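>>> Could you look at this predicted model? Sequence included:
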Amino acid sequence: MSRFLTALSAILICPLLLIAGSDRAYASPPTATIHFRAIVDFVFDPDNVLGEKVQVGDEIEGSYTFDTTKLDTRPDILDAGIYEYQNSPGEFEWTAQIGELTWTAIDIDPTPENADSRISVYDNFGAAQHDGYRLDVKGVDDFGDCGPDFHLTDVTMNLSTYDLNTITSLDLPRTLPDPLHFEAANQLILWINCSNYFYEIRAHLTELTTEPIPEPKGPIELLNDLIADVLEVNLSGGIQNSFDQKLEGALRSLDDLNQHNNVAAVNALNAFINAVNAQKGNQISIENADDLIAAAQIIIAQLGT
């Protein structure tokens, strides 16, 4: 690990708490989770904000989870992939811990065009022709006492190398950023600055591991999930039977393996959507109706008719 470069870390402290909650979702996008470890090399805390709770040699441990279906926001850059996220469950989540201290990414701007976080990958990039992987997180909630104007925090994990085989694809899910494959830079940067308080933690990455990325579900599996979801809504017998008939008809069409029967499946799903809309706000809640309709529309989109 001697070739790893150390990195400046700074974190902005604020009193905001992340309240992570979400409505029931019938079709969540596939996500990937990457776990990281780093060793603290240097601590600068002139105002004793940390209370000596972080020492050289301490381990930083954390993880981040991201939606793997995000599209490259800069397709014009042919040798780089830029993926932007809001800090929200199912789209992008980040957390890190040193001992008893924990930092968590917060959603600082829900406006879609103003991303909270970004993952960038570079394949044979620029004049130096290097491969790279960079994670930038904005918005980190800490344990300190800062006003709401002081919650912007930059967290950066930066890796680069001159080994042109390190990054083999700009598509998600991308090549796992293994520290052993990045020689020129291996940095974990946590920006921290709060009003009159400031401290630095410098660390070097020692480990990056990933959880397996699940294969996306196909239309038949999604349709079986939707049938189970309808059952959970606990509808009256007649409405339940009506919904089941339409979904089972769609399932029979897909089981036929005849490509032309996709049209029949889509027709059955559209009939299901119309039936749900007819009961929306009456025999079925608006929330449940919207969820069931969204799940059916995802299957229709996959069938591509």
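Looks like it arrived, so ask away. Residues are numbered from 1 along each chain as shown.
>>> Could you tell me how many residues sit around Ile300?
Neighbourhood size, Ile300 [other CB atoms under 10 Å]: 18. The C-beta positions use only the backbone N, C-alpha and C, and glycine is treated the same way.
>>> what's the answer for Thr65, then?
The burial count assigned to Thr65 is 18, neighbours taken as other CB under 10 Å.
>>> before we move on, which element is it in?
Using DSSP states H and E, Thr65 maps to strand 59-67.
>>> who does the lengthiest strand in the chain pair up with?
When the chain is parsed with DSSP state E, its longest strand is strand 31-44. Here strand 31-44 is paired, per DSSP bridges, with strand 59-67 (antiparallel), strand 200-210 (antiparallel).
>>> you'd agree Asp116 is up against Glu93?
No: using CB atoms under 8 Å, Asp116 makes no contact with Glu93, being 10.6 Å away.
>>> Now list whatever residues contact both of these two.
87, 105 (CB atoms under 8 Å, 6 or more residues apart in numbering).
>>> got the CA coordinates for the longest strand of the chain in PDB?
In PDB, the C-alpha atoms belonging to strand 31-44 read as follows (Å, rounded to 0.1, in the frame of the first residue of the first chain):
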ATOM      1  CA  THR A  31     -28.500  -0.500  -7.400                       C
ATOM      2  CA  ALA A  32     -24.800  -1.300  -6.600                       C
ATOM      3  CA  THR A  33     -23.100  -0.800  -3.200                       C
ATOM      4  CA  ILE A  34     -19.400  -0.300  -2.800                       C
ATOM      5  CA  HIS A  35     -17.800  -0.500   0.600                       C
ATOM      6  CA  PHE A  36     -14.500   1.300   1.300                       C
ATOM      7  CA  ARG A  37     -11.900   1.500   4.100                       C
ATOM      8  CA  ALA A  38      -9.200   4.000   4.700                       C
ATOM      9  CA  ILE A  39      -6.500   4.700   7.300                       C
ATOM     10  CA  VAL A  40      -6.200   8.200   8.900                       C
ATOM     11  CA  ASP A  41      -2.700   9.600   8.200                       C
ATOM     12  CA  PHE A  42      -3.100  13.100   9.700                       C
ATOM     13  CA  VAL A  43      -5.500  15.000  11.900                       C
ATOM     14  CA  PHE A  44      -5.600  18.800  12.200                       C
END
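>>> Identify all contacting residues around stretch 231-245.
For stretch 231-245, contacts defined as CB under 8 Å, 6+ apart pick out 227, 230, 272, 275-276, 279, 283-284, 288, 292.
>>> if we can go back for a sec, so for Thr168, which of the strands paired with strand 31-44 sits nearest?
Of all the strands paired with strand 31-44, it is strand 200-210 that lies closest to Thr168, at 15.0 Å by CB to CB.
>>> State the mean pLDDT of stretch 115-130.
Averaged across stretch 115-130, the pLDDT comes to 81.
>>> end-to-end on that stretch?
Its first and final residues considered, stretch 115-130 spans 26 Å by CA to CA, to the nearest Å.
>>> Just the buried residues of it, please?
In terms of neighbour count (16 or more other CB atoms under 10 Å), stretch 115-130 has its buried residues at 115-123, 125, 130.
>>> so Ala289 touches Ala278, yeah?
No: the pair Ala289 / Ala278 is not scored as a contact, 9.6 Å apart, by CB under 8 Å.
>>> domains for the protein, by residue range?
10-210, 219-303 (automatic domain parsing).
>>> Lowest average confidence across those domains, which one?
Among the domains of the chain, domain 10-210 carries the lowest mean pLDDT, a mean of 72.
>>> which ones are touching the residue nearest the centre of the chain?
Using CA atoms, centre = their mean, the residue of the chain that lies closest to the mean C-alpha position is Phe66, 1.7 Å off. Phe66 is in contact with 31-32, 83, 85, 91-93, 119, counting by CB under 8 Å, 6+ apart.
>>> Out of these, grab the one that's most surrounded.
Phe92 (26 neighbours).
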